[in-house]
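Visitor: Return atomic coordinates for the entry below.
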Amino acid sequence: MTGPVPHAARTPEQEVYVVLHCQPCEECVQDGRQSIEGGQPSWESSYACPRYAVQWCGRGRGVPPPWIRERIVAREGTVHLPVGGLDGVPVGLLRGVYGLTIAEVAAARKSGHRATPVGARYPSGPTP
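Guide: Next up, the predicted model:
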């Protein structure tokens, strides 16, 4: 989507157009990844469209947003983690770090949790 950049000194013939955003096209490149930094899970995302010269990057701590997690899962798959008990992921970790709801934790206690490979390597929650 493009639109004129308002400027009081410009005449209509001198309007400058900028790209406000790009709809994904065949040239767009999107990437997402996870890592463990300083003992905490983190994520990064990048988006670039050479057709419209649009670039965007994002970074954060904790589990990645759903649209970034979907890209990671599509590329790397998931790992099954048992939940609770002596050998399972602590329930508090699923709530605090992974952000699961109580209903999601209850379901995970029965069938396990599907984590990204990096998420599966995060062995325990943050130390208090």
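
Visitor: Where does pLDDT dip in the protein?
Guide: Along the chain, the parts satisfying pLDDT under 70 run over 1-23, 123-128.

Visitor: how about the strands in it?
Guide: Counting by DSSP state E, the chain has strands at residues 2-5, 16-19, 29-37, 40-49, 54-61, 79-81, 113-115.

Visitor: for those, which one sits closest to residue 122?
Guide: Each of those was scored for nearness to residue 122 using Cβ to Cβ, and the closest is strand 40-49 (5.2 Å). All C-beta atoms are positioned from the backbone trio N, CA, C, and that covers glycine.

Visitor: Each with direction, which strands does the closest one pair with?
Guide: strand 29-37 (antiparallel), strand 54-61 (antiparallel) (DSSP bridges).

Visitor: Single out the most deeply packed of these.
Guide: Using mean count of other Cβ atoms under 10 Å, the stretch among the strands paired with strand 40-49 with the largest mean neighbour count is strand 29-37, at a mean of 15.

Visitor: sorry, back to before: now the strands paired with strand 40-49 as CSV including distance to residue 110?
Guide: As requested, these are exported to CSV (distance: least, Cβ to Cβ, whole Å):
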stretch, distance to residue 110
strand 29-37, 26
strand 54-61, 29
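
Visitor: Out of the ones you listed, flag the one nearest residue 93.
Guide: Once the strands paired with strand 40-49 are compared by Cβ to Cβ, strand 29-37 is nearest, at 13.7 Å.

Visitor: Tell me how far that closest one lies from the chain's centre.
Guide: Taking Cα atoms, centre = their mean, to the nearest Å, one finds strand 29-37 lying 7 Å from the centre of the chain it belongs to.

Visitor: so what's residue 114 bridging to?
Guide: Residue 114 forms beta bridges with residue 80, as assigned by DSSP bridges.

Visitor: these two touch, right, it and residue 77?
Guide: No. With contact taken as Cβ atoms under 8 Å, residue 114 and residue 77 are classed as non-touching, separated by 9.2 Å.

Visitor: which one of the two has more residues nearby?
Guide: Set residue 114 next to residue 77 and count neighbours by other Cβ atoms under 10 Å: residue 114 wins out with 14 against 10.
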